[in-house]
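Trainee: Structure for this input, please:
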Amino acid sequence: MAVVGLVVHERRQEAIDQAADLAQWLSDEGHVVHHPLVGESSHDLDLVVSLGGDGSILRAVDLIGESDIKFIDEIKDCDVMFLCLGHNKSEDFLRKTSINKKTKIIDLSQDFRLEKLFTRNDVKRDFVYGLPELYKNRIKTAKNISNPGCFATAIELGLIPSVLEKYIQSEIHTNAITGSTGAGIIPSETTHFSWRDNNISTYNVFNHRHLNEICHHLDKIHCDIKINFIPVRGNFSRGIFCSSYFESNVEIEAIKETYINYYKNHPFVHISEKEICLKEVINTNKCILHLSKVNNKILITSIIDNLIKGASGQAIQNMNLMLGFEEMTGLNLKSSIF
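Mentor: Numbering: from 1, shown residues only. This is a model prediction of the structure:
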């Protein structure tokens, strides 16, 4: 027997009817059904089901009192719009939807990461690639931002100073392992817990879709970058641990100094003298780098939280820059390692 809480939108008849049917079925199966009131604790429940779509979810996750956000199903004028629609859907949405031309757009899909110009009727939207550590000044004056991919962020932040200074004297070899959340919210065979747990596998070897944006933007600062990228599915939920190496005759201390100087005005990127572990960045907007050299090979390790610096956190960082806010506003998050 389970104790189930049903959180229902009181003024949405469809949700009320669905909840009644579900409550009857649960009761027939021998379960106990509760309808938690606003502010009532749900900690004694085994399961919470939210039906409504207009803020009811906040009650289901104990956010009453923390936020009064309401979910709506219509487009209204706003200062900033975040598009979280999934790949190959944002452009179609913009083409079908009338949006005030003054509204700034931050798109989290791959649709505009090659800085494609979008036109709808008389409205033109020129998207800037939203990697602040590469294009901060452009982002500050941008009207539209294409948020980078998670793998792309981790790889690019590890390589940008070396590419700029032409330290790289060979092809780049990159291995990056990501958590299951990197695959998005749609369940699949390879995100199922019983498949992912205690398991590891590669996918899209040398052909991952983020390679397009990585090569496009690194080629802008030093042409003909060749990256051999092996993406790996990890048996954990979030985070990216990325290792890139290449040949170079430059001394490691000189490379470290270059990285420290390059990132000194970028508050979310840090250089660690000690070897790093993934938990140091989970639940933060940080990217931590570690550099080492063996013989003539430079190894650069970079770690990020794929859900924050690799997605939503970086989107907030871009919004802060676009609106003239302090860059770290809302992003002073603390890692779960502490």
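Trainee: Using PDB, write out every CA atom in stretch 157-177.
Mentor: Extracted in PDB, the C-alpha atoms of stretch 157-177 (Å, rounded to 0.1, in the frame of the first residue of the first chain):
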ATOM      1  CA  LEU A 157      36.900  26.300 -22.500                       C
ATOM      2  CA  GLY A 158      39.700  23.800 -22.200                       C
ATOM      3  CA  LEU A 159      41.200  24.700 -25.600                       C
ATOM      4  CA  ILE A 160      40.600  28.400 -26.400                       C
ATOM      5  CA  PRO A 161      43.800  29.900 -24.900                       C
ATOM      6  CA  SER A 162      46.000  27.200 -26.600                       C
ATOM      7  CA  VAL A 163      44.200  27.800 -29.900                       C
ATOM      8  CA  LEU A 164      44.700  31.500 -29.600                       C
ATOM      9  CA  GLU A 165      48.400  31.200 -28.800                       C
ATOM     10  CA  LYS A 166      48.900  28.500 -31.500                       C
ATOM     11  CA  TYR A 167      50.400  26.100 -28.900                       C
ATOM     12  CA  ILE A 168      48.700  23.100 -30.700                       C
ATOM     13  CA  GLN A 169      51.100  21.200 -33.000                       C
ATOM     14  CA  SER A 170      49.100  18.200 -33.800                       C
ATOM     15  CA  GLU A 171      45.500  16.900 -34.000                       C
ATOM     16  CA  ILE A 172      43.500  17.200 -30.800                       C
ATOM     17  CA  HIS A 173      42.300  14.100 -29.100                       C
ATOM     18  CA  THR A 174      39.300  14.500 -26.700                       C
ATOM     19  CA  ASN A 175      37.500  12.000 -24.500                       C
ATOM     20  CA  ALA A 176      34.500  13.300 -22.500                       C
ATOM     21  CA  ILE A 177      32.100  11.400 -20.300                       C
END
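Trainee: which parts of that stretch are buried?
Mentor: Counting neighbours by 16 or more other C-beta atoms under 10 Å, one finds that the buried residues in stretch 157-177 are 157-163, 165, 167-168, 172-174, 176-177. Where you see a C-beta, it was placed from the backbone N, CA and C, and this is true even at glycine.
Trainee: for stretch 207-221, same thing?
Mentor: In stretch 207-221, counting by 16+ other C-beta under 10 Å, buried: His208, His210, Leu211, Glu213, Ile214, Cys215, His217, Leu218.
Trainee: Equivalent analysis for stretch 264-276, please.
Mentor: Quick answer for stretch 264-276 (16+ other C-beta under 10 Å): Pro267, Phe268, Val269, His270, Ile271, Ile276.
Trainee: Tell me which of the residues you listed fall in strands.
Mentor: Judged by DSSP state E, strands contain the following of the buried residues of stretch 264-276: Val269, His270, Ile271.
Trainee: Mind putting those into a markdown table with pLDDT and distance to Leu83?
Mentor: Converted to a markdown table, those look like this (pLDDT from 0 to 100; distance: C-beta to C-beta, whole Å):
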| residue | pLDDT | distance to Leu83 |
| --- | --- | --- |
| Val269 | 98 | 26 |
| His270 | 98 | 30 |
| Ile271 | 98 | 33 |
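Trainee: still on that earlier bit, could I get the buried residues of stretch 207-221 in a markdown table, plus columns for pLDDT, secondary structure and distance to Arg125?
Mentor: Listed next are the buried residues of stretch 207-221 as a markdown table, based on pLDDT from 0 to 100; DSSP: H, G, I helix; E, B strand; the rest coil; distance: C-beta to C-beta, whole Å:
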| residue | pLDDT | secondary structure | distance to Arg125 |
| --- | --- | --- | --- |
| His208 | 86 | coil | 27 |
| His210 | 88 | helix | 22 |
| Leu211 | 89 | helix | 25 |
| Glu213 | 91 | helix | 18 |
| Ile214 | 92 | helix | 23 |
| Cys215 | 90 | helix | 24 |
| His217 | 90 | helix | 19 |
| Leu218 | 89 | helix | 24 |
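Trainee: Nearest to Asn306 among those?
Mentor: Nearest to Asn306 among those is His210, at 11.4 Å by C-beta to C-beta.
Trainee: Could you list everything His270 pairs with in the sheet?
Mentor: Ile288 (DSSP bridges).
Trainee: could you check the distance from it over to Gln317?
Mentor: Going from His270 to Gln317 by C-beta to C-beta, to the nearest Å gives 15 Å.
Trainee: picking that back up, reformat the ones in strands among the buried residues of stretch 264-276 as a markdown table; add distance to Thr329.
Mentor: As requested, these are arranged in a markdown table below (distance: C-beta to C-beta, whole Å):
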| residue | distance to Thr329 |
| --- | --- |
| Val269 | 17 |
| His270 | 19 |
| Ile271 | 24 |
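Trainee: ok, the residues you listed vs Asn198, which is closest?
Mentor: The nearest member of these to Asn198, counting by C-beta to C-beta, is His270 at 31.7 Å.
Trainee: How much space separates that closest one from Ser162?
Mentor: From His270 to Ser162 the distance is 17 Å (C-beta to C-beta).
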